[in-house]
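Participant: Curious how this folds, go ahead:
(2 chains)
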Amino acid sequence: DGGITQSPKYLFRKEGQNVTLSCEQNLNHDAMYWYRQDPGQGLRLIYYSQIVNDFQKGDIAEGYSVSREKKESFPLTVTSAQKNPTAFYLCASSIRSENTEAFFGQGTRLTVV
Amino acid sequence: GIQVEQSPPDLILQEGANSTLRCNFSDSVNNLQWFHQNPWGQLINLFYIPSGTKQNGRLSATTVATERYSLLYISSSQTTDSGVYFCAVSYAGGTSYGKLTFGQGTILTVHP
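Facilitator: Model (predicted):
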């Protein structure tokens, strides 16, 4: 099945710990994105990557880091510097084109305990 | 950056009713998508519609890019239509294709 797979679905983290969220796609898309959603809110862009070995900060990148070593994979690390990490995280991908539709994974719900 | 405003913020319907959701945006776009977020949080693609009109079953959408708005129509609503509907756009003046800016969403509740 073609699609975007995020893991794990639920993640619990102690304060002060780094944690990495996985995002894998087999759609052969060049571009990948990470969004954050807080309760009752829309999604906000954290980081995006249009091509392997390149990525750019989005609107709320502080306290997060990413890598893009493979076309299929775009992991997100939530570091201890992120002040309020409890949120729902969604990964997306699209063709690298001006007119392009984005598709989303099922999300990871991160809770800091 | 580009601003996206959705209305109404909340909508309560009886099953079988029709509804219209609106999305206004502040600048030129080269991408506009409508999503339905289900109770488990997954975003379901409804329409990719930077301009024009599309229909898919009971749902249809129209985007008037020159006037900077889009409408999502739901006819004969069902309880399974409940959830949050998001509009998201990509600014046409940028170089980073596919970056979406989301509205705050419309929470739709359909009662049996």
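Participant: looking at the sheet around A:Tyr48, what are its partners?
Facilitator: A:Tyr33, A:Gln56 (DSSP bridges).
Participant: Which pLDDT value goes with B:Thr20?
Facilitator: pLDDT, B:Thr20: 98.
Participant: For chain B, what's its nearest residue on chain A.
Facilitator: Residue of chain A nearest chain B, by Cβ to the nearest Cβ: A:Gly42 (3.6 Å). In short, each C-beta sits where N, CA and C put it, glycine included.
Participant: quick one: contacts for the closest residue to that residue other than its chain neighbours?
Facilitator: Among residues not flanking A:Gly42 along the chain, B:Phe102 sits closest, at 3.6 Å (Cβ to Cβ, 6 or more residues apart in numbering or on different chains). The contact partners of B:Phe102, taken as Cβ atoms under 8 Å, 6 or more residues apart in numbering or on different chains, are A:Tyr35, A:Gly42, A:Leu43, A:Arg44, B:Val4, B:Phe86, B:Cys87, B:Ala88.
Participant: from memory the first one sits against A:Arg44, does it?
Facilitator: Yes - with contact defined as Cβ atoms under 8 Å, A:Tyr35 reaches A:Arg44; the gap is 6.3 Å.
Participant: any idea how far the residue of chain A closest to chain B lies from B:Gln14?
Facilitator: 27 Å (Cβ to Cβ, to the nearest Å).
Participant: More neighbours: those two, which one.
Facilitator: Remark: of A:Gly42 and B:Gln14, A:Gly42 carries more neighbours, 20 against 9, as counted by other Cβ atoms under 10 Å in any protein chain shown.
Participant: ok, the more buried one - contacts?
Facilitator: B:Val4, B:Phe86, B:Ala88, B:Phe102, B:Gly103, B:Gln104, B:Gly105.
Participant: Which of these fall in strands?
Facilitator: Among the contacts of A:Gly42, DSSP state E puts B:Val4, B:Phe86, B:Ala88, B:Phe102 in strands.
Participant: In the residues you listed, find the pair that's most separated.
Facilitator: B:Val4 and B:Phe86 (9.0 Å; Cβ to Cβ).
Participant: Now for those two: what residues contact both?
Facilitator: A:Gly42, B:Phe102, B:Gly103.
Participant: Which member of these is positioned nearest A:Phe74?
Facilitator: Here the nearest of the shared contacts of B:Val4 and B:Phe86 to A:Phe74, counting by Cβ to Cβ, is B:Phe102; it sits at 19.0 Å.
Participant: Which residue ranges of the chain form strands?
Facilitator: In the absence of a named chain, chain A is used. Counting by DSSP E, residue ranges of the strands within chain A are A:4-7, A:10-13, A:19-25, A:31-37, A:43-51, A:54-57, A:64-66, A:76-78, A:87-94, A:103-104, A:108-112.
Participant: try chain B instead
Facilitator: Assigned by DSSP E, the strands in chain B fall at B:4-7, B:10-14, B:19-25, B:29-37, B:43-48, B:52-56, B:59-64, B:69-74, B:83-91, B:101-102, B:106-111.
Participant: you'd agree B:Thr53 is up against B:Val64?
Facilitator: No - B:Thr53 is beyond contact range of B:Val64, at 9.6 Å (criterion: Cβ under 8 Å).
Participant: thinking again about what came up before, neighbour-wise, which of A:Tyr35 and A:Arg44 wins?
Facilitator: A:Tyr35 (27 against 16).
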